[in-house]
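Participant: Provided below for reference: sequence and predicted model.
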Amino acid sequence: MKFGKNDEAVSPVIGVILMVAITVILAAVIAAFVFGMGPPVKAPQAQLQFTATTSSLKITHSGGDPLVLKDEKITIKNAATGTPILSSTLMYDNSGGGGLNFSIGSTNQSTLTPGNSVTNATVLVTGAGVWPASGSIIQITILDVPSGQVIADTKVTVS
């Protein structure tokens with residue numbers, strides 16, 4: 001019996017394997033766009049300065065991007081003991097549903113822009129009721145909720 005050399009069957013098999021591989025790669029790329037696996041949300045960049053007294057908390061925006069306060073979460077804790085003093089999901093909520101309503105005078109602010117300050121006197125009373133005395137050190141963290149990134153994390157001495 002004589003066997004002949006036949007290479008015709010190899011080409012279709014390789015072709016099918018290549019087409020399946022290309023289809024899988026295209027499906028993965030399309031799924032990435034459809035399911036929102038694009039670039040991550042970028043947090044605003046801001047230079048913030050904090051002043052804490054026994055009766056108020058003041059945040060001054062020294063430069064960078066404006067902060068939409070409804071998108072920011074503030075956490076305050078005693079730096080020495082780590083005891084939480086306050087954690088609010090919103091720094092501004094005009095619906096009356098809670099949050100820390102930082103204000104300039106009697107005007108509520110929804111956006112903190114460079115060159116401006118916001119003050120909240122009620123944060124010290126409505127927190128956990130354990131606001132540190134003058135000379136204590138508190139740690140203030142501001143988190144951008146949409147991006148999940150920390151905007152500020154600093155320690156401040158209460159005066």
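Facilitator: Cool, got the structure. Residues are numbered from 1 along each chain as shown.

Participant: residues touching the residue nearest the centre of the chain, list them.
Facilitator: Centroid-nearest residue in the chain: Asp144, 2.4 Å away (criterion: Cα atoms, centre = their mean). With contact set as Cβ atoms under 8 Å, 6 or more residues apart in numbering, Asp144 has these partners: Ala43, Pro44, Asp71, Glu72, Val150, Ile151. Placement of C-beta: from N, CA and C, glycine included.

Participant: now the strands for the chain?
Facilitator: 46-52, 57-64, 67-68, 72-78, 84-88, 103-104, 107-108, 111-112, 117-120, 137-144, 149-157 (DSSP state E).

Participant: Quick one, which of those gets closest to Thr23.
Facilitator: Closest to Thr23 of the strands of the chain is strand 149-157 (Cβ to Cβ; 36.8 Å).

Participant: what's the angle between the closest one and strand 57-64?
Facilitator: 130 degrees (axes from the mean of the first three to the mean of the last three Cα atoms, to 10 degrees).

Participant: by contact count, what packs against strand 149-157?
Facilitator: strand 46-52, strand 137-144 (3 or more Cβ pairs under 8 Å, 6 or more residues apart in numbering; DSSP states H and E).

Participant: rewinding a little: mind checking pLDDT for the residue nearest to the centre of the chain?
Facilitator: For Asp144, the pLDDT comes out at 90.

Participant: and it, how far is that from Leu18?
Facilitator: Distance from Asp144 to Leu18, counting by Cβ to Cβ, to the nearest Å: 45 Å.

Participant: Ok, Pro44 next?
Facilitator: Distance from Pro44 to Leu18, by Cβ to Cβ: 46 Å.

Participant: which of those two has more neighbours?
Facilitator: Pro44 (17 against 10; other Cβ atoms under 10 Å).

Participant: do you know how far Ser56 is from Thr119?
Facilitator: 6 Å.

Participant: of these two, who's got more company?
Facilitator: Shown here are Ser56 and Thr119; by other Cβ under 10 Å, Thr119 has more neighbours (17 against 13).

Participant: Once you drop chain neighbours, what's closest to the more buried one?
Facilitator: Among residues not flanking Thr119 along the chain, Lys58 sits closest, at 4.6 Å (Cβ to Cβ, 6 or more residues apart in numbering).

Participant: Next one: the one you found, what pLDDT does it get?
Facilitator: Confidence score, pLDDT, at Lys58: 84.
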